[in-house]
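Undergrad: Pasting a predicted model and its sequence here:
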Amino acid sequence: MYDAEPILELRQVDRTFGTQDVLRGINLDVYPGETLVVIGESGCGKSVTTKLLAGMIAPSAGDVYWQGRDVQQLSANEKRRQRLRIGYLFQSAALFDSLNVYENVAFGLKQNTRMKAAEIEEIVLERIKDVGLPLNVAEKKPAELSGGMRKRVGLARALAMDPEIIIYDEPTTGLDPVMSDVINELILSVQRRRPVTSIVVTHDMHTVRKVADRIVMLYPLPRLQPGEDQIIFEGTADEAFEADDPRVYSFVHGDASQRLQELHAA
């Protein structure tokens with residue numbers, strides 16, 4: 001499907017938390033410049049998958065590769081340096097409540113570069129404008145912002161480090177339809193303006209339709225057949241909406257009939 005080598009890879013990856021198996025035998029490639037959207041029911045391991053790709057957590061088994069290099073074989077300094085190539089927009093934006101917007105956006109630059117204050121200021125103000133916020137928000141605290149504004153500040157912070165890869169974890173959750181579309185347009189705008197690889201975790205089918213180059217769908221382990229792959233679909237948005245697999249078709253169309261039948265049969 002893609003000529004380039006993957007920029008990120010999971011190979012036979014398992015992830016367990018205590019006695020709970022969340023991911024099993026995951027094989028996934030992420031290619032340079034694409035927007036990969038990860039969908040699936042709550043609790044199926046979508047956010048865990050992105051945290052594994054970003055090196056924020058380690059697999060219980062299997063291997064993670066960044067541009068062909070085994071992450072577990074990297075030194076701590078090299079891993080830290082490589083991780084700076086990845087921007088992460090957390091589900092709740094995860095802003096520092098005690099810092100104002102300017103300080104939140106500048107945080108990574110101050111912690112990880114030797115830039116002068118004037119250089120940092122130029123980047124921070126530019127990124128605030130890039131996400132469609134007025135510059136007068138720079139002195140506000142996160143508590144003074146709406147949910148949509150906090151999401152945009154989180155994106156500005158991710159963009160400040162000029163990452164090659166951006167991971168968006170449920171970027172439209174909790175937002176009204178108009179603000180959700182603003183976030184979708186920002187994802188597209190970032191993709192147009194810079195050579196970036198995007199990974200989007202979402203339940204929002206409007207987001208899927210609007211931004212996805214490729215979709216993968218995960219399914220909860222307890223509901224899989226023995227030996228069945230946890231990634232039950234890979235393809236385009238159009239293919240997902242016409243999928244033969246009733247689990248995929250029901251999910252993307254928001255049709256609960258099959259799930260209700262399963263619950264009644266249980």
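TA: Thanks, I have the structure now. Numbering: from 1, shown residues only.

Undergrad: Just name whatever secondary elements the helix ranked longest in the chain is in contact with.
TA: In the chain, with assignment by DSSP state H, the single longest helix is helix 177-193. The contact analysis (3 or more Cβ pairs under 8 Å, 6 or more residues apart in numbering; DSSP states H and E) places helix 177-193 against helix 117-130, helix 147-160, strand 197-201, helix 205-211. For the C-beta atoms, the positions are set from N, CA and C on the backbone; glycine is no exception.

Undergrad: Can you flag the weakest of these by average pLDDT?
TA: The weakest mean pLDDT among the helices and strands packed on helix 177-193 belongs to helix 147-160, with a mean of 89.

Undergrad: CA atoms only for the next helix or strand after that one - export them in CSV, please.
TA: Sequence-wise, the next helix or strand beyond helix 147-160 is strand 165-169, with elements assigned using DSSP states H and E. Only the C-alpha atoms of strand 165-169 are listed here, as CSV (Å, rounded to 0.1, in the frame of the first residue of the first chain):
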residue,chain,number,x,y,z
ILE,A,165,4.6,12.7,14.3
ILE,A,166,1.5,13.9,16.1
ILE,A,167,-0.8,11.6,18.1
TYR,A,168,-4.3,12.9,18.8
ASP,A,169,-6.1,10.9,21.6
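
Undergrad: Averaged pLDDT, strand 165-169. What do you get?
TA: On average, strand 165-169 scores 93.

Undergrad: Neighbouring strands of that strand in the sheet, and parallel or not?
TA: strand 86-89 (parallel), strand 197-201 (parallel) (DSSP bridges).

Undergrad: Distance to Glu121 for those strands - can I get that in JSON lines?
TA: Shown next, in JSON lines, are the strands paired with strand 165-169 (distance: least, Cβ to Cβ, whole Å):
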{"stretch": "strand 86-89", "distance to Glu121": "20"}
{"stretch": "strand 197-201", "distance to Glu121": "27"}
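
Undergrad: Of all those, which one is nearest Pro32?
TA: strand 197-201 (5.5 Å; Cβ to Cβ).

Undergrad: the inter-axis angle of the closest one versus helix 177-193?
TA: Here strand 197-201 runs at an angle of 160 degrees relative to helix 177-193 (axes from the mean of the first three to the mean of the last three Cα atoms, to 10 degrees).

Undergrad: Strand 197-201: how far from the chain's middle?
TA: Counting by Cα atoms, centre = their mean, to the nearest Å, strand 197-201 is centred 5 Å from the centre of its parent chain.

Undergrad: Touching it from outside, list them.
TA: Residues outside strand 197-201 that contact it (Cβ atoms under 8 Å, 6 or more residues apart in numbering): 7-8, 30-39, 46-47, 49-50, 53, 164-171, 187, 190-191, 207, 211-212.

Undergrad: Of those, select the buried ones using a PyMOL command.
TA: To isolate the buried ones among the contacts of strand 197-201 in PyMOL, judged by 16 or more other Cβ atoms under 10 Å, type:
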select buried, resi 7+8+30+31+32+34+35+36+37+38+39+46+47+49+50+53+164+165+166+167+168+169+170+171+187+190+191+207+211+212
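
Undergrad: that older thread, compare the helices and strands packed on helix 177-193 and give me the one nearest Leu74.
TA: It's strand 197-201; of these, that one is closest to Leu74 (Cβ to Cβ) at 19.2 Å.

Undergrad: still on that earlier bit, same list, the strands paired with strand 165-169, but as TSV with mean neighbour count please.
TA: Formatted as TSV, the strands paired with strand 165-169 follow (neighbours: other Cβ atoms under 10 Å):
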stretch	mean neighbour count
strand 86-89	23
strand 197-201	24
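
Undergrad: and of those strands, who's closest to Gly132?
TA: Short answer: strand 86-89, nearest of those by Cβ to Cβ, at 14.7 Å.

Undergrad: how about the CA coordinates for the closest one, as CSV?
TA: This file holds the C-alpha atoms of strand 86-89, laid out as CSV (Å, rounded to 0.1, in the frame of the first residue of the first chain):
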residue,chain,number,x,y,z
ILE,A,86,6.5,12.8,18.6
GLY,A,87,3.9,15.3,19.7
TYR,A,88,1.0,14.0,21.8
LEU,A,89,-2.4,15.7,22.3
